[in-house]
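>>> Please find the sequence and the predicted model below.
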Amino acid sequence: MTQEGRKTRQLLGMRGADVGEERPLWKIRLQLMKPVTWIPLMWGVLCGAASAGQFRWNGGFQWNGAYFLAGLGCAVLSGPLLAGFTQTLNDYYDREIDAINEPYRPIPSGAITIPQVVAQIFVLLALGLGLAVVLDLWAMQAFPDRHVPFSLTGMALIGVFLAYIYSAPPLKLKQNGWLGNYALGASYIALPWCAGHTLFGTLSPTIVILTLFYSFAGLGIAIVNDFKSVEGDRKLGLQSLPVAFGIQKAAWICVLMIDVFQVGILIYLVATGRYVYGGILTALILPQIFFQRSLLADPIANDVRYQASSQPFLVFGMLVAGLALGQV
């Protein structure tokens, strides 16, 4: 990999990012926030807006300037602010394991001090909760006649709580492969999806159940991130699924969780008469399965290749499901 490639990976918070040079503090802070992890959450907001009926073909599309800014604000809330908060918090509590697995990370490398990291955590938290309150106030003005049983502020608090118990002792859910990965999957799929839906519509039990169901596919996605940390997890006694079951079995668990639960969504779409969307989703699932071969062949060497080749079909499948749910 070229030096420029390593610099890009470093800035995005990706593995294999040691460039061996001094960096300005803003780049170090951005690396802590792992921008590459923001994309699924921001995409989840789009899926939620779609399932709320914001992209109906029969005239439901009404994205004027205020709607666009509100949607953008929700994406920023879910991605840069709260995902950035979560990743910074996780790096703070993972500094010992990162010293083994990724010693070039900002904290174990000494590129940033602990007080600076703590300050970043609280600033991102305050900005995130503040933006959630602003978006709630806008939603009540934009949709004054609807009953809103859920709020973005409440969802943001749930996300903050999950981030804390995932990363911090005494619970530290990431020590348990199943619980930790499902909490991560729900945070990356269910919460941003429900946030986008709540901002533009009334959140129903059906949407909550389906997104929590879809979060099991997110559990599979989360397993991919565990392959790079096997050595450190074993040394510190963390029972990630690759440690508990072995790397090859964990790879099979990963792809099966993704495929089985996405097929479950496909069955729901067909059963509820959304045949066109079911056909589109099928057309996305097939290449997704095909490209999963690289992960099964060598999970550690091919984790990034797998994420680039197979997972786009999953995320586009999520949008298809959101559009299908919004066409009522």
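Alright, I've got the coordinates.
>>> What residues sit buried inside stretch 295-305?
Of the residues in stretch 295-305, those scored as buried under the neighbour-count criterion (16 or more other Cβ atoms under 10 Å) are 295, 299, 302-303. In this view, the C-beta of every residue, glycine as well, is placed from N, C-alpha and C.
>>> correction: stretch 71-81
Buried positions in stretch 71-81, judged by neighbour count with 16+ other Cβ under 10 Å: 71, 73-81.
>>> picking up where we left off before, among the buried residues of stretch 295-305, which lie within strands?
Under the assignment DSSP state E, the buried residues of stretch 295-305 contribute nothing to strands.
>>> closest to residue 32 among those?
Of all the buried residues of stretch 295-305, the one with the least separation from residue 32 (Cβ to Cβ) is residue 303, at 20.8 Å.
>>> sorry, back to before: columns distance to residue 105 and secondary structure on top of the buried residues of stretch 71-81, output as a markdown table?
Rendered in a markdown table, the data for the buried residues of stretch 71-81 read as follows (distance: Cβ to Cβ, whole Å; DSSP: H, G, I helix; E, B strand; the rest coil):
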| residue | distance to residue 105 | secondary structure |
| --- | --- | --- |
| 71 | 33 | helix |
| 73 | 30 | helix |
| 74 | 29 | helix |
| 75 | 26 | helix |
| 76 | 24 | helix |
| 77 | 25 | helix |
| 78 | 23 | helix |
| 79 | 20 | helix |
| 80 | 19 | helix |
| 81 | 21 | helix |
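>>> Spatially central residue for this protein, please.
Residue closest to the average C-alpha location in the chain (Cα atoms, centre = their mean): residue 188, at 2.9 Å.
>>> Assign residue 31 to helix, strand or coil.
Look at residue 31: counting by DSSP: H, G, I helix; E, B strand; the rest coil, its state is helix.
>>> that older thread, isn't the residue nearest to the centre of the chain right up against residue 218?
Yes: the pair formed by residue 188 and residue 218 meets the contact definition of Cβ atoms under 8 Å, at 5.1 Å.
>>> wait, which of the buried residues of stretch 295-305 is closest to residue 113?
residue 303 (30.7 Å).
>>> Below-threshold pLDDT in this structure: ranges please.
Counting by pLDDT under 70, the low-confidence segments of the chain come to 1-21, 57-62, 145-149, 328.
>>> can you point me to the longest helix in it?
Under DSSP state H, the helix in the chain containing the largest number of residues is helix 114-142.
>>> After that helix, which helix or strand is next? Please name it.
Sequence-wise, the next helix or strand beyond helix 114-142 is helix 152-167, with elements assigned using DSSP states H and E.
>>> on contacts alone, who are the packing partners of that following helix?
Counting contacts by 3 or more Cβ pairs under 8 Å, 6 or more residues apart in numbering; DSSP states H and E, helix 152-167 is packed against helix 84-93, helix 114-142, helix 177-188, helix 190-200.
>>> closest to residue 236 out of the ones you listed?
Comparing those against residue 236 with Cβ to Cβ, the closest turns out to be helix 84-93 (11.7 Å).
>>> quick one: contacts of the closest one?
Residues lying outside helix 84-93 but in contact with it, judged by Cβ atoms under 8 Å, 6 or more residues apart in numbering, are 13, 32-34, 37-38, 98, 105-107, 114, 117-118, 120-121, 124-125, 128, 159-160, 163-164, 166-169, 172, 174, 187.
>>> now stretch 303-313
Stretch 303-313 is contacted from outside by 14-15, 221, 224-225, 227-228, 284-285, 287-288, 291-292, 294-295, using Cβ under 8 Å, 6+ apart.
>>> What residues sit buried inside that stretch?
Taking 16+ other Cβ under 10 Å as the neighbour-count basis, stretch 303-313 is seen to contain the buried residues 303, 306-307, 309-311, 313.
>>> Next, format these as a markdown table and append secondary structure.
What follows is the buried residues of stretch 303-313, written out as a markdown table (three-state DSSP):
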| residue | secondary structure |
| --- | --- |
| 303 | helix |
| 306 | helix |
| 307 | helix |
| 309 | helix |
| 310 | coil |
| 311 | helix |
| 313 | helix |
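>>> Please dump those residues into TSV; it should also carry distance to residue 63 for every row.
Formatted as TSV, these follow (distance: Cβ to Cβ, whole Å):
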residue	distance to residue 63
303	36
306	34
307	30
309	32
310	31
311	27
313	26
